[in-house]
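1. A predicted structure for the sequence below; I have some questions about it.
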Amino acid sequence: MSSIIVRGLDDAVKQQLAAQAKEHGRSMEAEVRDILTKAARRPHIGMALLSVAQDVSGVDELPVPRRDDAARAADFE
């Protein structure tokens, strides 16, 4: 298993995580592990919507662009 360190975590967030962990009867580390695991496994909403639309039909040939471009600032001029 891998490990990570999270720096700069707000004290209020840490307290909330500790409270949630206690409520669920587990360590704070186990609580954070569960939260991260669930977040990482959450489906991409756009792809989930496309899948549902394809099941209904009518969008079989809808192009899905690659999303590997870098974020860039908007130009309002």
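-> Sure thing, it's come through. Numbering: from 1, shown residues only.
2. Show me the shaky parts of the chain.
-> Counting by pLDDT under 70, the chain has low-confidence residues at 58-60, 62.
3. what number of residues lie near the nearest residue to Arg26 once chain neighbours are set aside?
-> Take Arg26 and drop its neighbours on the chain: the residue closest to it by C-beta to C-beta, 6 or more residues apart in numbering is Asp34, 7.8 Å away. For every residue, glycine as well, the C-beta is placed using N, CA and C. For Asp34, the count of nearby residues is 14 (other C-beta atoms under 10 Å).
4. separation between Asp34 and Asp11?
-> Note on Asp34: its distance to Asp11, by C-beta to C-beta, to the nearest Å, is 21 Å.
5. just His44 next, same as before
-> As judged by C-beta to C-beta, His44 and Asp11 stand 32 Å apart.
6. who's more crowded, these two?
-> The neighbour comparison of His44 against Asp11 (other C-beta under 10 Å) goes to His44, with 10 against 7.
7. what's near enough to touch that one?
-> Residues counted as contacts of His44 (C-beta atoms under 8 Å, 6 or more residues apart in numbering): none.
8. how far out from the middle of the chain is the helix or strand encompassing Val52?
-> Per DSSP states H and E, Val52 falls inside helix 45-56. Chain-centre distance of helix 45-56: 18 Å, with C-alpha atoms, centre = their mean, to the nearest Å.
9. That helix packs against which elements?
-> For helix 45-56, there is no helix or strand it packs on, judged by 3 or more C-beta pairs under 8 Å, 6 or more residues apart in numbering; DSSP states H and E.
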